[in-house]
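>>> here is my input; please provide its structure:
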Amino acid sequence: MTPLKPKVLFFDVNETLLDLSTMKKQIGEALGGKEELLPLWFTTMLQYSLVVSASGTYHSFGHIGAATLQMVAANHNISISENEARNIVTDSMQNLRPHHEVKDALVDLKKAGYQLVAFTNSSQDGLKNQFKNVGLTDYFDDMLSVEPTGKFKPFTDTYLWGAKQMDVKPEDCMLIAAHGWDVAGALWAGWRAAFVNRPGQQRFPLAPETEIVETDLNKIASILAAY
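Now for the predicted structure:
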């Protein structure tokens, strides 16, 4: 039996749509040429975004990224000022290019009748600038930052808020993401999900079963177009 189409497809942005290769180089330069530290920094940024949310406070994702960049740098005897860290993070995140298959996949999904929404932990202004810089804005029906919720994904509240913004029920939403933690959060919030198995990424084994698992967005788009 062919599955029913989700009413709205929500896309994570960083790493799912946008390639982190240029960020790896810039963050690596800031950390003394150690490009291999990018995953550690990114994971630390996610960890402290959850610490901030769980503590009932809020700082922008970019500022958390800068603070954790300082932390990782300090552990490697590198001193980076707050302003320097914020400039490095902002510059690196604003100049990410889409993965090679992204635009074609988005066109195919639009042709298949889907409503497409970008859904990110980054700030609304940051998201708009990212998409403007690489020509992605017109591919989406809406662009949502979790900023108004005061919490970051994968808190359940963020997914329920996203569904409400698009005036659909959670079960009518599908998250498309390259991060196991994001897919797990969406599934536990009652959403459907597709996992983009980018290099170095894995699903969380304790999460509910993911509906679609493929290595790139073109393959996911082909499956969804047949729904």
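>>> in this protein, which helix is the longest?
Secondary structure of the chain per DSSP state H: the longest helix is helix 38-54.
>>> what average pLDDT does it get?
Averaging pLDDT along helix 38-54 gives 94.
>>> report the buried residues of it.
The neighbour-count check on helix 38-54 (16 or more other Cβ atoms under 10 Å) flags 38, 40, 41, 42, 44, 45, 46, 48, 49, 50, 52, 53 as buried. In short, each C-beta sits where N, CA and C put it, glycine included.
>>> tell me the helices in the protein, going along the chain?
Under DSSP H, the chain gives helices at 21-30, 38-54, 61-74, 82-94, 102-111, 124-134, 156-165, 180-188, 217-225.
>>> among the ones you listed, show the one with the smallest mean pLDDT.
helix 21-30 (a mean of 89).
>>> list the helices and strands that helix packs on?
helix 38-54, helix 61-74, helix 82-94 (3 or more Cβ pairs under 8 Å, 6 or more residues apart in numbering; DSSP states H and E).
>>> out of the ones you listed, which is closest to residue 157?
Residue 157 lies closest to helix 38-54 among the helices and strands packed on helix 21-30, at 9.0 Å (Cβ to Cβ).
>>> tell me what angle the closest one forms with helix 180-188.
40 degrees (axes from the mean of the first three to the mean of the last three Cα atoms, to 10 degrees).
>>> other residues contacting helix 38-54?
20, 23-24, 27-28, 31, 58-59, 61, 64-65, 67-69, 71-72, 121, 150-152, 155, 181, 200 (Cβ atoms under 8 Å, 6 or more residues apart in numbering).
>>> mind doing that once more with 7 Å?
By Cβ atoms under 7 Å, 6 or more residues apart in numbering, the residues outside helix 38-54 that reach it are 20, 23-24, 27-28, 58-59, 61, 64-65, 67-69, 71-72, 121, 151-152, 155, 200.
>>> ok, residue 122 to residue 1 distance?
Going from residue 122 to residue 1 by Cβ to Cβ, to the nearest Å gives 38 Å.
>>> re the thing from before, any chance of the helices and strands packed on helix 21-30 in CSV, plus distance to residue 117?
Below are these laid out as CSV (distance: least, Cβ to Cβ, whole Å):
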stretch, distance to residue 117
helix 38-54, 21
helix 61-74, 18
helix 82-94, 20
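>>> so which of the ones you listed is nearest residue 160?
Closest to residue 160 of the helices and strands packed on helix 21-30 is helix 38-54 (Cβ to Cβ; 14.3 Å).
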